[in-house]
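Q: Below is the sequence, then the predicted model.
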Amino acid sequence: MVLPLLIILLFAIIDGGRLLWEYNRAEKATQIGARMAVVTDVVSTGLRDNDYVGVDGLTPGQKIPATALGTIVCNVSGCTCTGACTGIGTGQNAAAFTNLVTRMKDIKSDIEPANVEVVYRGSGLGYAGDPTGVALSPLVTVRLKDLEFQPLTSLMLAEFTMPPSATTLTAEDSVGSLSN
């Protein structure tokens with residue numbers, strides 16, 4: 001009589017451990033994705049192409065305030081900008097997005113492009129007209145969402161969507177081709 005309950009308990013413990021393992025892999029994938037997003041090509045071409053000279057009266061060499069950039073969200077469908085987006089187009093570097101997703105899949109293979117979002121927000125770092133690369137160093141957040149978890153047994157849990165995970169870093173040079 002006790003054996004069925006012990007077996008159910010054993011599978012529940014195994015599934016709980018697997019859930020924590022999968023969530024940890026998702027977190028690590030966002031960390032690797034964020035690191036790649038801050039040191040390699042930016043996904044939003046508007047950030048790469050805007051030198052901020054003339055935006056809100058900025059002249060070359062002036063510090064770019066955090067309020068100069070709204071929120072740019074890039075996903076598999078493209079990029080959208082809300083808030084202060086003067087001079088920022090909504091173009092997407094599809095190759096950079098694909099490279100980012102591919103690198104994240106090295107950590108967690110069931111990630112699909114639809115699960116990934118890259119978000120850029122103003123940080124107050126950067127100088128208008130910077131000739132060395134991207135003028136602005138935004139805060140870059142890489143998010144994973146809508147990942148499904150399938151338990152080994154459906155006795156205790158049905159398949160469900162895992163909580164989203166995200167990592168935020170400040171952009172570095174955003175012009176490299178490799179990330180550690």
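A: That came through, no problem.

Q: next structured bit after the longest helix along the chain?
A: For the chain, the helix with the greatest residue count under DSSP state H is helix 2-39. Moving toward the C-terminus from helix 2-39, the next helix or strand (DSSP states H and E) is helix 45-49.

Q: can you list contacts of that following helix?
A: If you take Cβ atoms under 8 Å, 6 or more residues apart in numbering as the criterion, helix 45-49 is touched by 41-42, 69, 72, 79, 81, 85, 87-93, 120, 134, 136, 138, 174. The way it works is simple: take the backbone N, C-alpha and C, and place the C-beta from them, glycine included.

Q: filter these to the buried ones?
A: 41-42, 69, 72, 79, 81, 85, 87-89, 91-93, 120, 134, 136, 138, 174 (16 or more other Cβ atoms under 10 Å).

Q: what bits of the protein have low per-residue confidence?
A: Of all residues in the chain, those with pLDDT under 70 make up the ranges 87, 89, 153-157, 174-180.

Q: now the strands for the protein?
A: Secondary structure of the chain by DSSP state E: the strands cover 71-75, 78-82, 116-121, 139-144, 148-149, 160-161, 165-170.

Q: wait, what's in contact with the most centrally placed residue in the chain?
A: Nearest residue to the geometric centre of the chain (Cα atoms, centre = their mean): Val142, 1.3 Å. Val142 makes contacts with 30, 33-34, 37, 100, 104, 116-119, 166-167, as judged by Cβ under 8 Å, 6+ apart.

Q: go with 6 Å
A: Going by Cβ atoms under 6 Å, 6 or more residues apart in numbering, Val142 touches 30, 33-34, 37, 118, 167.

Q: Repeat that for Cys85.
A: Cys85 is in contact with Gly70, counting by Cβ under 6 Å, 6+ apart.

Q: want to try CSV for the strands of the chain, with distance to Leu10 as columns?
A: Shown next, in CSV, are these (distance: least, Cβ to Cβ, whole Å):
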stretch, distance to Leu10
strand 71-75, 40
strand 78-82, 47
strand 116-121, 35
strand 139-144, 30
strand 148-149, 18
strand 160-161, 20
strand 165-170, 28
